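Participant: Quick one, structure for this:
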Amino acid sequence: CVIIVFTAPTFVNWQNNKGIVENLVGEHLGYRVKINGDLQVQLMPNPKIYAEDIVVDSVSSNTKLAEVGHVILSKKLSDLLMFNFSIDEMVVNRPKVNLITDEEGRNNWEPLKVKNSGYYSRKLKNTLAGLTQFGQIVVENGTVSYVDEKEDTSKEITKIYGTIVRDSKTVLTTKLKGVYNGDEQKVNINVDIENPDSLRVKTQLSSQDHDVNLQGLLNNPYKLSKVQFVGKLSAKFADANNLKFNHTVFKLKEKYLDLKALELTSEVNVSKNRLEMSMIDLKSKYNQLKGNFNISKDREGVTSSIKLDIDKIYIKKDDSDHAGGKLEWSDELLDFSYVNDLRVNTSIVCLECTYGNRTFYQINLKANLENNNLIVSQLNLKTDKDGFIKLTANAGLNSPVGFEVKAEAQDFPVHTLLPTYITKTAEFNLDGAFNLSGTGVSLKALLGKLSGSLNLDFKDIVLRKVDDSGVAVFAKSLLQGKGKTNFDTTINEMKVVGSIRDGVLRTSDIDFNLSGDSITAKGKVDLANLTLNYRVEPEQLRRNNLGVVISGNINQLDIIQDKITPKGVIDGFNRLVTTNIIKKAKKKEIKTYFDYDDKGNLEQNVQDFLFQK
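Facilitator: Next up, the predicted model:
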């Protein structure tokens, strides 16, 4: 009679002991949970435990943490009679795990209060040992869902199938596959736990687009304060540009680097407060570099060291069209607090660096950050010819921020480093030197205290589709985009010598040649307030080539052409420039609202015309 009862599945009412089960599961998972479901037990012909409609809820928030369609544990009766209590197979069908971060950054899974530091170590050790008691664990049609309510994002891995197999008494092999972002992903993990002080680990993450392998030794695996991984990383990506992570480094990568056909190998050493990647060898369609990287943390802060030897690298140019946008300086406080307690040593040598469509050679960068002071001791860039630029700088990143930079250049194509919307209009090389320094709590305040000097020679200037037939049309064509032509304007040389004090740049007379005429520009620029006042005039004023005054805010400049009056030529500042033209001009060419032949009132009429009307 007893045999007949246990041959058929028997419903077991375990609700009275549910608290014990919840405590055991919670202790194993490390989270407080509530569990509901139905349980059946069968002893013959072979023992089975069958649980279905399992729901795992949070204790405090009453949110659903996980659910499982059914779980089946099976065992040969003959093994059980021999007191072998290991499980032959466990099948987990339709498991779904929900991970939720609310708007305040809290997770829906509530961790247990850990009373001692060895809790997680024991849990990991017991988990691995427990898995060896299963001949095979099968996962069918699983799902992992992650929702970030604060960032309003959600991600999901679906159609998860796989097995965890005990290959020997101490070797576990996990093979899983699932669908993420529409692509099937595969995960293989092989762990040998024979030596409790050093686990052998092999992992692989692969899809049709990538193959990432990490293998090595996990030393002191059950002592979290001393755990260390030593091994090798190898990875291949058909297009690593598709990697998307919400981190500053990856955002910079997305903006500036092209990583098609990426292959990466490196020796890896990871411990609690240290990451070291040595013998880095990275190759892609456009890039090839080798080097070392390490970052560590101690009581004094974070120390990072980067040493790269780059054979070639391609940096995408920022092609954002800023033309027409408003230029303005921010009053927001400059905050570099994220570099507090950060120490960085950088040494980079690049034989061939391409930025946009321009290649530079023999680039050297040496920089150091410590105690909130950034020192660039060397930055050299050479072009394919004889051009170069050398720069040194230092900055104090406390508040107020202060900096000093010195640079010299020879036949250097600066325009290639500028945004595309500028290079579409102008190209030029640069000779000379400059030095700048400033201090301030915001960018605008810093520019208001900017000082320095410059002695620069702009050479081989090419202005795209800019009319050079006269000073006025030249200024309007260049600065306002009016009167564009189908030809380019070339200016052989333009020397700019000046000084900056309290954010105002004052230059000596700037001389250049425009379509055979000698042109002089004089004035000043208020860099902090983005205003300028300049007069640009030809050496010989003519009725068809007068001077102009350029003034106002940089975002909306006024270009005022000289006027011919009965007294002579006046400029946009209402200053009398010359009387030469008026003496040669015919009276009918002088347009005034008063009678030029009214000799008795002529003087007053001229005064009104010049300064009041």
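Participant: pretty sure Val56 is in a strand, no?
Facilitator: Yes: according to DSSP: H, G, I helix; E, B strand; the rest coil, the state of Val56 is that of a strand.
Participant: Please report how far it lies from Gly26.
Facilitator: Taking Cβ to Cβ, to the nearest Å as the measure, Val56 falls 10 Å from Gly26. In this view, the C-beta of every residue, glycine as well, is placed from N, C-alpha and C.
Participant: same check, this time on Leu214
Facilitator: 31 Å.
Participant: Could you do Ile560 as well?
Facilitator: To Gly26, Ile560 is 79 Å away according to Cβ to Cβ.
Participant: what does Leu39 give?
Facilitator: 18 Å.
Participant: Check Gly291 too.
Facilitator: In this view, Gly291 and Gly26 are 46 Å apart by Cβ to Cβ.
Participant: Residue ranges in the stretch 251-400 of the chain under the pLDDT threshold?
Facilitator: 251-252, 318-325 (pLDDT under 70).
Participant: Show me where it has its strands.
Facilitator: Secondary structure of the stretch 251-400 of the chain, counting by DSSP state E, counting those that start in this stretch: strands at 260-271, 274-283, 288-298, 301-315, 342-355, 358-370, 373-382, 388-396.
Participant: Do you have the helices of the stretch 51-200 of the chain handy? List them.
Facilitator: Under the criterion DSSP state H, counting those that start in this stretch, helices of the stretch 51-200 of the chain are mapped to 77-81, 119-131.
Participant: ranking those by burial, who's on top?
Facilitator: Comparing these by mean neighbour count (mean count of other Cβ atoms under 10 Å), helix 119-131 comes out on top with a mean of 14.
Participant: So what's the gap between that one and the chain middle?
Facilitator: Its chain's C-alpha centre and that of helix 119-131 lie 38 Å apart, by Cα atoms, centre = their mean, to the nearest Å.
Participant: about what we covered before: dump the strands of the stretch 251-400 of the chain to JSON lines, plus distance to Asn486 and mean neighbour count.
Facilitator: Converted to JSON lines, the strands of the stretch 251-400 of the chain look like this (distance: least, Cβ to Cβ, whole Å; neighbours: other Cβ atoms under 10 Å):
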{"stretch": "strand 260-271", "distance to Asn486": "37", "mean neighbour count": "17"}
{"stretch": "strand 274-283", "distance to Asn486": "45", "mean neighbour count": "16"}
{"stretch": "strand 288-298", "distance to Asn486": "42", "mean neighbour count": "16"}
{"stretch": "strand 301-315", "distance to Asn486": "33", "mean neighbour count": "16"}
{"stretch": "strand 342-355", "distance to Asn486": "29", "mean neighbour count": "17"}
{"stretch": "strand 358-370", "distance to Asn486": "26", "mean neighbour count": "16"}
{"stretch": "strand 373-382", "distance to Asn486": "34", "mean neighbour count": "16"}
{"stretch": "strand 388-396", "distance to Asn486": "33", "mean neighbour count": "17"}
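Participant: In TSV, list those along with distance to Lys449.
Facilitator: Below are the strands of the stretch 251-400 of the chain laid out as TSV (distance: least, Cβ to Cβ, whole Å):
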stretch	distance to Lys449
strand 260-271	45
strand 274-283	40
strand 288-298	35
strand 301-315	29
strand 342-355	26
strand 358-370	23
strand 373-382	19
strand 388-396	13
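Participant: Which of those strands sits closest to Ile157?
Facilitator: The closest of the strands of the stretch 251-400 of the chain to Ile157 is strand 260-271. By Cβ to Cβ, the value is 23.3 Å.
Participant: Can you name the residues in contact with that closest one?
Facilitator: With contacts defined as Cβ atoms under 8 Å, 6 or more residues apart in numbering, strand 260-271 is touched by 214, 216, 226-241, 275-286.
Participant: Buried among the residues you listed? Make that a PyMOL selection.
Facilitator: Listed next is the PyMOL selection for buried residues among those, using 16 or more other Cβ atoms under 10 Å:
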select buried, resi 214+216+227+228+229+231+233+235+236+237+240+241+276+277+280+282+283+284+286
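Participant: Could you find the closest non-adjacent residue to His210?
Facilitator: Excluding its sequence neighbours, the residue lying closest to His210 (Cβ to Cβ, 6 or more residues apart in numbering) is Phe237, at 4.6 Å.
Participant: and the strand or helix carrying that neighbour with strand 274-283, angle?
Facilitator: Take DSSP states H and E as the rule and Phe237 turns out to sit in strand 228-239. Orientation check (axes from the mean of the first three to the mean of the last three Cα atoms, to 10 degrees): strand 228-239 against strand 274-283 gives 30 degrees.
Participant: Show me what strand 228-239 packs onto, helices and strands only.
Facilitator: Contact partners of strand 228-239 among helices and strands, from 3 or more Cβ pairs under 8 Å, 6 or more residues apart in numbering; DSSP states H and E: strand 210-219, strand 260-271.
Participant: Please put the alpha-carbon coordinates of that strand into CSV.
Facilitator: Output of strand 228-239 as CSV, limited to C-alpha atoms (Å, rounded to 0.1, in the frame of the first residue of the first chain):
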residue,chain,number,x,y,z
GLN,A,228,43.1,37.9,-7.1
PHE,A,229,42.7,36.9,-10.7
VAL,A,230,45.7,36.4,-12.9
GLY,A,231,45.2,35.4,-16.5
LYS,A,232,44.9,36.4,-20.1
LEU,A,233,42.2,38.3,-22.0
SER,A,234,41.6,37.9,-25.7
ALA,A,235,38.8,39.5,-27.6
LYS,A,236,37.6,39.9,-31.2
PHE,A,237,34.9,42.3,-32.4
ALA,A,238,33.6,42.7,-35.9
ASP,A,239,32.7,46.3,-35.0
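Participant: tell me the angle of that strand relative to strand 210-219?
Facilitator: Here strand 228-239 runs at an angle of 180 degrees relative to strand 210-219 (the same axes, to 10 degrees).
Participant: Asn273 contacts Ser296, correct?
Facilitator: Yes: counting by Cβ atoms under 8 Å, Asn273 touches Ser296, with 5.9 Å between them.
Participant: before we move on, the earlier item: so what's the residue nearest to His210 up against?
Facilitator: Phe237 neighbours (Cβ under 8 Å, 6+ apart): Asp209, His210, Leu243, Leu259, Ala261, Leu262.
Participant: Among these, which pair sits farthest apart?
Facilitator: Checking these with Cβ to Cβ, the most distant pair is Leu243 and Ala261, at 13.8 Å.
Participant: So which residues of the stretch 451-600 of the chain form strands?
Facilitator: 451-463, 489-501, 504-507, 510-514, 517-526, 531-538, 548-553, 558-561, 563-564, 569-570, 576-578.
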